[in-house]
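*Asks:* Next one to model:
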Amino acid sequence: MLRKVMVLLGSVALVVLVGSALMVGYLFVWDRPSEGRVLAVSDAERYLLAAAREGDVEVVAGLVKAGTPVNVQNERGFSPLILAAYHGHTEVARVLLAAGADACSGDSRGNTALMGAAFKGHTDIVELLLQQPCAVDQSNGVGQTALMFASLFGRTDVAERLRQHGASAQKRDASGRTAEDWARTQSPEPPITAGR
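*Replies:* Now for the predicted structure:
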């Protein structure tokens, strides 16, 4: 009987893990077909997006100084700030924010720079973005918040900083899950052993 329960718990944990991985892939990795034109139309705008992704502070600063719009987006809605935050480029994020980058805007799915930094565990960028006038519990198209992403991937330092800035652990996404629910999907409780 105990063996059947353990197999069942293991199967449920595997299904939850695969489902979570698919959801994250959908939100951050997989390409979707473009809906309309690519917003970055000039070479300078495309270079800015590429430089932000790669963390090239000098190129980003030069393009910003030359007047390249900092809130340009690619076909997936990624702005230079979202790309810099997701890839952990703190100095690039600072340059973009100083030039007026909108930290509150999201990509085509509503994911913000804060969500990307929380997802990847970039505590220094999370700190920088928490200084912006955005709602800490801003949610994407399926109701998920930065705290949910931090909790899902075990980014405890990031999750703590978000809570200190007022992020709600009780807020629910479209599936009805809270940040704590997402955290539990990644660290299932050990099964009870027969010796207890």
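*Asks:* Going by C-alpha atoms from here, please, whenever you check contacts or count neighbours.
*Replies:* Will do.
*Asks:* So which residue is smack in the middle of the protein?
*Replies:* G116 (2.4 Å; C-alpha atoms, centre = their mean).
*Asks:* is it true that it lies in a helix?
*Replies:* Yes - using DSSP: H, G, I helix; E, B strand; the rest coil, the secondary structure at G116 is a helix.
*Asks:* Now it: closest residue in space, sequence neighbours ignored.
*Replies:* Closest residue to G116 apart from its sequence neighbours, by C-alpha to C-alpha, 6 or more residues apart in numbering: Y86 at 4.6 Å.
*Asks:* Look up how far Q132 lies from the one you found.
*Replies:* Y86 sits 17 Å away from Q132, going by C-alpha to C-alpha, to the nearest Å.
*Asks:* same deal with S108?
*Replies:* Taken as C-alpha to C-alpha, the span from S108 to Q132 is 21 Å.
*Asks:* Have a look at these two and say which one is more surrounded.
*Replies:* S108 (19 against 14; other C-alpha atoms under 10 Å).
*Asks:* is it true that the more buried one touches Q73?
*Replies:* No - counting by C-alpha atoms under 8 Å, S108 sits too far from Q73 to count as a contact (9.4 Å).
*Asks:* so what sits against both of those two?
*Replies:* Contact criterion C-alpha atoms under 8 Å, 6 or more residues apart in numbering; residues shared by S108 and Q73: none found.
*Asks:* picking up where we left off before, quick one, what contacts the residue nearest to the centre of the chain?
*Replies:* Contact analysis of G116 by C-alpha under 8 Å, 6+ apart lists 82, 85-86, 146.
*Asks:* Narrow these to those that are buried.
*Replies:* Buried subset of these (neighbour count, 16 or more other C-alpha atoms under 10 Å): 82, 85-86, 146.
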